[in-house]
Each structure stands twice: as C-alpha cells, then as structure tokens.
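Q: Give me a 3D structure for the following:
(one chain, ligands or ions: 1)
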Amino acid sequence: MEVVGTSEPEQGSPKVEKGFANPASDAHRYIILVLICMVTFGSYFSYDVPGATVAQLLDPRPDNKMHMTSLQYNLLYSLYAWPNVIIVFIGGYFIDLLGIAITGVALMSLVTIGQVIMTAGAFEHSIRLLFLGRLIFASGAELLIVCQGAMIFKWFNGKEMALAFGFSLTLARLGSILCFAFLPSVAENHGIPAAFGLGSIFCMISFVVLGIFLVLDSRADRVLQRNQVQESYEETIQPQGLSEAFKLSPSFWLCVSTLMTNYGCLYSFFAISIDYMHHVLGLPSQDGGYELTLVYNISMVLAPIVGGILDVQGGRGLVTFFGAATSAILFCSLSWMPPLAASAKPAISVGTAIAVACGISLASLSSSVWPTVPIIVPAHQVGMAIGVAQSLQNFGVGVSTLGVGYIYDQSGSYHAVLTYLSGIAVCSAVLGAAWNVYDKATDGVVNRMDVGVSAEETMLLEKSQKIMMVEVAPMAVLVVRRKFYEEIGEGEIGMKRRDYYRSLGITDLDVASHDKSSYVDFVPPLLQNPTSSVLVPDAVEEEREREAESSPDKQNYGSSLGSSIGGPPGSSISRTRVSQSGPVESGLREALLAKTFRLPLSSSVREKQQF
Ligand SMILES: C[C@H](NC(=O)[C@@H](N)CCCCN)C(=O)O
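A: Sure, this is the predicted structure:
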C-alpha cells in the first residue's frame, strides 16, 4: 500500500526550509536544546553562591565586614525556599496563561536584578541588601525552572523529552559543581563581592541566551505555523484557573508525592552530609565536600543517559521508584547500621558509597520525574503542573530540612536524624510503588516510551481539517503529518520513521516509495489507553470504503466499522489518499487496518476538549 497525500502544495502553506534552517530538523532542535539548558545555568550557579562562600560569610574575624551569623546565613536559603512554595504554585498557571516569552523575560529579569542587588550588598557589606536581592532572585529562579520545563515541552513533547530534561539537569548540576569548585577560592583571593559578581555575570549570559532562544522560537512559530495553532489552541482551551490544580489526576499526585518525599530526604541529607561524614565517619571536611560534589557529578552524567534510555525504552515510573528505593535502602542501612558504617575502613569508601547511592537516586529521580509531569496532565496545564510539582518539592525540602535541624538539636545524634530520613525515604518508595501500580491499572502511560503527539501538532492538523478526530478505547494514534518536519524519504527523519515502523513489526515498508509531500505516520503511544484519541485520516476511511465496495467479505467488515467510526461534527474530507500499489506497502496497510480500524470508537474528542 502506498500512503500518499495531495501532492499540490496547499495555498498559503508556509515554506519549510531545509536542513538546519528548518526548525523541525534535529540539528535545529539540538541547538534549541542547548539554549534552553543554558537559560537556567546562571540561576543554578547563583543559587549556590552563598553555600560556596560560606567560610567567608561566617568568618568571625573582626576584619570581615560581611560577617553573618549562622541564622542569617541559613535565612538566605529559607528566603529562597519558603516563598517559592507559594510563588511556583501560582506562577506555573501564569506561564500557561501568558506564554513562555513574556514570563521568561520577566523571570529572568527578576533573577538577574536579584543577583545584581546581592552583589551590591556584598560590595556594600549590607546584609539587608543581600536578603532583598535573594528574595527577588528567588521570586524568579524557581519559576524560571518551571518556564524552562514549558519550553522543553513545547519543543520536545513526543520526541526525546526525557533526554531534553536530562540535559537541562546536566547544565543545572554543572552550575552547582562549577560554583562549588571555583567560588571558594575566588572569594578567598578576590573577596566575596567577586564571587557574587560572577553569579551576576552568568545570569546576564543566561539572559542573552534566553533572548536568542525567543527569537528562534518565534521564528519557528512562524515557519511551522505554530502561532496559528496557538491562537486556535487558545480559542479552544484556556487555562481554566488555579482551582484546576486540585482536579489533576491521582497519577499526578502520586508522582509529586514521590518526588516531594525523595527530594526532601536527599536535599536535607546533603545539607548535613559534610558534617555527618566528619562526625560519624571521621572524614575531614574537604573530603566530605568532595563526596558532595561527587553526588552532583554522578547526577550530571547520568541524567541525560537515563533520560535518553527512558525515551526509547519507557519505564519512567519504574526509574522513579528505583530512585526512591535506592534512598530507602541507603538511609535504612545508615540508620540501622551506624556502627558498621562508622567502623568500615577506609572511611572514604563509605563516604563514596553514600555519595554514589545519593547520586544514583538523585539522577533516577530527577531525570524520570520531571519529563513525566507533562505527559500525565492535559497539555494546557503543563506550566501549572510543573509549578505545583516544584512547589511541593520546595515544601518537602523545607519541611524535612527543618525536621533534620529540630531532631538534631533535640537528640544531638545523627542516628535519630537518619532514622527520620529513612522514614521519609521508605514513604517515598511506597508512594513510588503505589504510583506504578495505579498507572498499570489505568492507562499505563507513565512507563510507555515517549511517542506522544504534541498538542500543537494535533491542533494544527485538526484546524487544517485534514483529519477527523475521534476518541477510541482502547487504542492507537494515527496521524497524518503533512508538511511537518522533513519530507519522508531518504532523510534522517524518514530513516527514523522506517526504523520506528520496523520496531512495530512493519518490516516490509518501503518509505522511499511514499509520496514526498505527505505521509501517514503511525504512532502507537497510547495503545491500550482507554482515554486516548485517535486521529483518523479521512482518506484511510475512503480506502476502507473502497475496499468494502470491492470485496463482499470485507463489505460486512467495512459497514460494521463504518458505524463505529465517529468524527466530530463539521470535519471535512481530507484530500489525503491511501492507495494500494503493491506488496511492499501492504505491511503498513495491514497494520493500519489491524491496529486502528478494528477498534471501538467512541465520541468526539473535540466535544470533550481533550487531546
Ligand atoms: C530540577 C530540580 N530543581 C530543583 O530542585 C530546584 N528546587 C532548584 C534547586 C537548586 C539546587 N542546586 C533539580 O535540581 O533536580
């Protein structure tokens, strides 16, 4: 069978450029990825500036004009975390409402201005200015991460999303690592203002990068007609208000509960780890610092690798559970066997084992959970959902850090602290397991490989009325992708699609035989998903009807199908053609018929405003 479309270009359709200039090409998308990752580099670097200069900030010598008390120092972190429990909760909604361009610029301004004020505070030896700057910085920095998630979703949904999130985490960790690696000596040799100033410079660089990204993004909107999609999208589906957050699915809440508890115990342990290793394992502070850097190094390297594997193999929920289980095993071992841990020699290897376990847990958690959030919520609530997740993450870290401080103050023992942390980690593992069980019992989308269809693409297809949209249960997604990406054929994407078909068992498909102006792409991401939608090219239906006419056997089959296929009112007949032209194509044809049209189809997705 040959699946072809109208070969005449549609009037007014955009000219899609070739190669790198084509925003849908891989090369272009990877450049975009680098830019998106760098957008938060400055803020991640600056977040850790107080931590990296703690020795100078707390230095009690009289000639230290910047001397802070321990409480004031900790306040720099509390001022970041607690307001963000509210800010990101609300702010994610505004990202959905106003879009990434306006919010991105506003947030980056807050980040940069905040860090510049802190630098001024360091110059002026003004602790008040430091606090003011940190507060302004915090109001932008966490939401900027949410905004970055929305950018990744816009560009990578349905393709390499976990990989893209993984790379963003790599740059984030690199920011922390560079900060801890260089700033102590910068502060030592050139003073605290130089260290804060470096943070300001990185924020400014990130601002410039954001500008470049936004220019390319708006060009891509134009070239790929994404702006029209957006208008249409906004006409149809508006963010409906913050109260919608409470209507998000049980899968989402199980996901963020696992995230909140696991991040909570990991980050609050990091806060005490140098001291813990010093007092319990007898490691000098610099070795403890080295172990902490090792955690970030492991996470930096593993995040994109794990993300890339998750895109291809699926299993996000399982990896999240693995991360939580690793924490549970680690903290239970440390709390139940403290003498063993302490007596193990050499102590550095115990410290390293702890760091490796933390690094694996952090990498598993962060690289699986953030790309999962967008796929378990409706497309128009992605910003809000990432915001809620980030808010609860801050809440978890804030509460568990306070708990650690309180328990240590009360008991004076790390044993009690670790027992507390192991309790949180076990809760996290149980929640992660419950999430996976729930997912398996429902649509199974969490552990499936990343082959979603972007909301924008769906909308554009629907708007151009080349397709009918019907909801099926349970099913597959069939999309006519006309004029998206490259033409199918010998190009890289054509090859990828061919490999993809092969992975579905459609082995005898000759992609090159397709009409180069149009093609049908068979996407099975929502197989067995009872609520998924299917995009049915009218032409395939025409083919079915033609087939029914020519074969008495198939006539019955065709008519029974005819009654089960329901398109939304007003959908028009596509000019896309499905023609039968030889054995080479029959594999795809069979697959389409087998996997799509024998499915029970229910009501229109348009009526339900759901993709
Ligand atoms: C993506 C996630 N982000 C956070 O945890 C933020 N709250 C930023 C915290 C900055 C820590 N250096 C992560 O980093 O995994």
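Q: Which element, helix or strand, includes whichever residue of the chain sits closest to the ligand?
A: Nearest residue of the chain to the ligand, counting by CB to the nearest ligand atom: Ser366, 3.8 Å away. The C-beta positions use only the backbone N, C-alpha and C, and glycine is treated the same way. Ser366 is part of helix 347-372, with elements assigned from DSSP states H and E.
Q: Let me see the contact set for the nearest residue to the residue of the chain closest to the ligand once chain neighbours are set aside.
A: In this structure, Ser366 finds its nearest non-sequential neighbour in Leu169, 5.2 Å apart by CB to CB, 6 or more residues apart in numbering. Leu169 is in contact with 299-300, 303-304, 307, 363, 366-367, 370, counting by CB atoms under 8 Å, 6 or more residues apart in numbering.
Q: Same check on Asp59?
A: Neighbour list for Asp59: His67 [criterion: CB under 8 Å, 6+ apart].
Q: Dihedrals phi and psi, it?
A: Asp59 adopts backbone torsions of phi -60, psi 120, taken as degrees, to the nearest 10.
Q: just to revisit the earlier point, mind listing what's buried in the helix holding Ser366?
A: 347-348, 350-351, 354-372 (16 or more other CB atoms under 10 Å).
Q: what's that helix packed up against?
A: Judged by 3 or more CB pairs under 8 Å, 6 or more residues apart in numbering; DSSP states H and E, helix 347-372 is in contact with helix 161-190, helix 250-279, helix 285-313, helix 316-336, helix 382-411.
Q: quick one: it to helix 285-313, angle?
A: For helix 347-372 against helix 285-313, the angle by axes from the mean of the first three to the mean of the last three CA atoms, to 10 degrees is 40 degrees.
Q: check whether the longest helix along the chain contacts the ligand.
A: What stands out as the longest helix in the chain, according to DSSP state H, is helix 192-223. No: if you take CB under 6 Å from any ligand atom as the test, helix 192-223 misses the ligand, and the best it gets is 12.6 Å.
Q: Taking their axis directions, that helix and helix 161-190 sit at what angle?
A: Going by the same axes, to 10 degrees, helix 192-223 makes 150 degrees with helix 161-190.
Q: Would you mind pulling up the elements that helix 192-223 packs against?
A: Contacts defined by 3+ CB pairs under 8 Å, 6+ apart place helix 192-223 against helix 26-39, helix 41-47, helix 49-52, helix 54-58, helix 100-124, helix 127-156, helix 161-190, helix 226-236.
Q: need these in TSV with mean pLDDT and distance to the ligand, can you?
A: TSV is the format used below for the helices and strands packed on helix 192-223 (pLDDT from 0 to 100; distance: least, CB to the nearest ligand atom, whole Å):
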stretch	mean pLDDT	distance to the ligand
helix 26-39	92	12
helix 41-47	95	5
helix 49-52	86	9
helix 54-58	82	14
helix 100-124	96	12
helix 127-156	92	6
helix 161-190	89	5
helix 226-236	45	26
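Q: Pick the most buried one from those.
A: Comparing the helices and strands packed on helix 192-223 by mean neighbour count (mean count of other CB atoms under 10 Å), helix 41-47 ranks first with a mean of 26.
Q: what does it rub up against?
A: Residues outside helix 41-47 that contact it (CB under 8 Å, 6+ apart): 80, 111-112, 115, 118, 137, 140-141, 144-145, 171-176, 178-179, 198-200, 202-207, 209.
Q: swap in stretch 429-437?
A: Under the contact criterion CB under 8 Å, 6+ apart, stretch 429-437 has outside partners 251, 254-255, 257-258, 261-262, 317-318, 320-321, 323-325, 327-328, 446-447.
Q: where does the protein have low pLDDT?
A: 1-20, 158, 225-245, 338-348, 379, 449-611 (pLDDT under 70).
Q: ok, which residues in it are in contact with the ligand?
A: Proximity of the chain to the ligand (CB under 6 Å from any ligand atom) is limited to residues 44, 47-48, 142, 145, 169, 172, 176, 366, 370, 393-394.
Q: These: which two are farthest apart?
A: Greatest spatial distance among the residues of the chain next to the ligand (CB to CB): Asp48 and Trp370, at 19.5 Å.
Q: ok, now how distant is Phe322 from Ala357?
A: Counting by CB to CB, to the nearest Å, the gap from Phe322 to Ala357 is 12 Å.
Q: Over to Ala52?
A: Counting by CB to CB - Ala52 and Ala357 are separated by 24 Å.
Q: looking at it, the residue of the chain closest to the ligand is touching Pro304, isn't it?
A: No: using CB atoms under 8 Å, Ser366 is not in contact with Pro304, being 11.1 Å away.
Q: quick revisit: could you list the buried residues of the longest helix of the chain?
A: For helix 192-223, by 16+ other CB under 10 Å, it's 192-204, 206-207, 209-210, 213-214, 216-217, 220-221, 223.
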